[in-house]
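Chemist: Just a sequence and a predicted model for now, questions to come.
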Amino acid sequence: MEEFGKRGYSGGTINNICKTGINKGLVYHHFRSRDELYLECLRISIGRLTDWIHEKKADTSIENYMSARLEFYRTFPNESRIFYESLLEPGAGLESEIRQIHKPLTEMNETLYRNTIRSLKLRPGVTEEKALLYFSQIQQMFNGYFSSPALQRMSLDEKIEKHEKDVPMLLHFMLFGIADEENGAD
């Protein structure tokens, strides 16, 4: 966790892990490759994050959820860095496995979005399913932006900070819009 948490997928090596006193043969006895070890670290990170959110009872509102994620990020920097790297800068060739590992968190997000949508009076013609599709598309585009060349000069830590700072605003805009309908454009 420490190796991938500090150096990321591309910088983390089995040799560095072994410099801490762990036998290389033992590592390869349990994991066939560095990728397999990284993916196990990601499983642990996602598990800890989802457990943290449940323990904090933060899966009941978007505000609580975002606050718990930020607290987790600050409390568990290695796990958080592994999680965010997999979200924003996934290792080449690991995308399919990463999606599978993210599934519990994706399902938690969908439940949270669904419960939020159910608590709102939707505009005419907007169904729960359309709203969920919108949430999903916006989330993918938002995360894609953080993976795009537009932010390539930012470090992963800077991207994480910006991501977590911007998500609540984005969610608020998604739910309530940016224009006051009573004072529409002239």
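Modeler: Yep, it's here. Numbering: from 1, shown residues only.

Chemist: so what secondary structure elements neighbour the helix or strand containing Glu107?
Modeler: Using DSSP states H and E, the element containing Glu107 is helix 95-118. With contacts taken as 3 or more CB pairs under 8 Å, 6 or more residues apart in numbering; DSSP states H and E, helix 95-118 sits against helix 34-55, helix 62-75, helix 77-88, helix 128-147. C-beta: built from backbone N, CA, C; applies to glycine.

Chemist: residue ranges with poor pLDDT in the chain?
Modeler: Scanning the chain with the threshold set as pLDDT under 70 gives 180-186.

Chemist: rewinding a little: which residues outside the helix holding Glu107 are in contact with it?
Modeler: 39, 42-43, 46-47, 49-50, 53, 59-62, 65, 86-87, 90-91, 128, 131-132, 135-136, 139, 175 (CB atoms under 8 Å, 6 or more residues apart in numbering).

Chemist: Report the buried residues of that helix.
Modeler: Buried residues in helix 95-118, counting neighbours by 16 or more other CB atoms under 10 Å, are found at 97-98, 101-102, 105, 108-109, 112-113, 116-117.

Chemist: same thing with stretch 51-66?
Modeler: In stretch 51-66, counting by 16+ other CB under 10 Å, buried: 52-53, 56, 58-59, 62, 65.

Chemist: Now do the nearest residue to Ile160 once chain neighbours are set aside against Leu26, distance only.
Modeler: Spatial nearest neighbour of Ile160, excluding adjacent residues (CB to CB, 6 or more residues apart in numbering): Tyr84 at 4.8 Å. According to CB to CB, to the nearest Å, Tyr84 stands 29 Å off from Leu26.

Chemist: okay, those two: which has more neighbours?
Modeler: Comparing Tyr84 with Leu26 by other CB atoms under 10 Å, the one with more neighbours is Tyr84, at 21 against 10.

Chemist: Go ahead and confirm the more buried one touches His163.
Modeler: Yes. Under the criterion of CB atoms under 8 Å, Tyr84 makes contact with His163 at 7.1 Å.

Chemist: could you dump the buried residues of helix 95-118 to TSV with distance to Asn78?
Modeler: Output for the buried residues of helix 95-118, formatted as TSV (distance: CB to CB, whole Å):
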residue	distance to Asn78
Glu97	20
Ile98	17
Ile101	16
His102	18
Leu105	17
Met108	21
Asn109	22
Leu112	25
Tyr113	28
Thr116	30
Ile117	34
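
Chemist: quick one: stretch 144-164 to chain centroid distance?
Modeler: Going by CA atoms, centre = their mean, to the nearest Å, the spacing between the C-alpha centre of stretch 144-164 and its chain's C-alpha centre is 13 Å.
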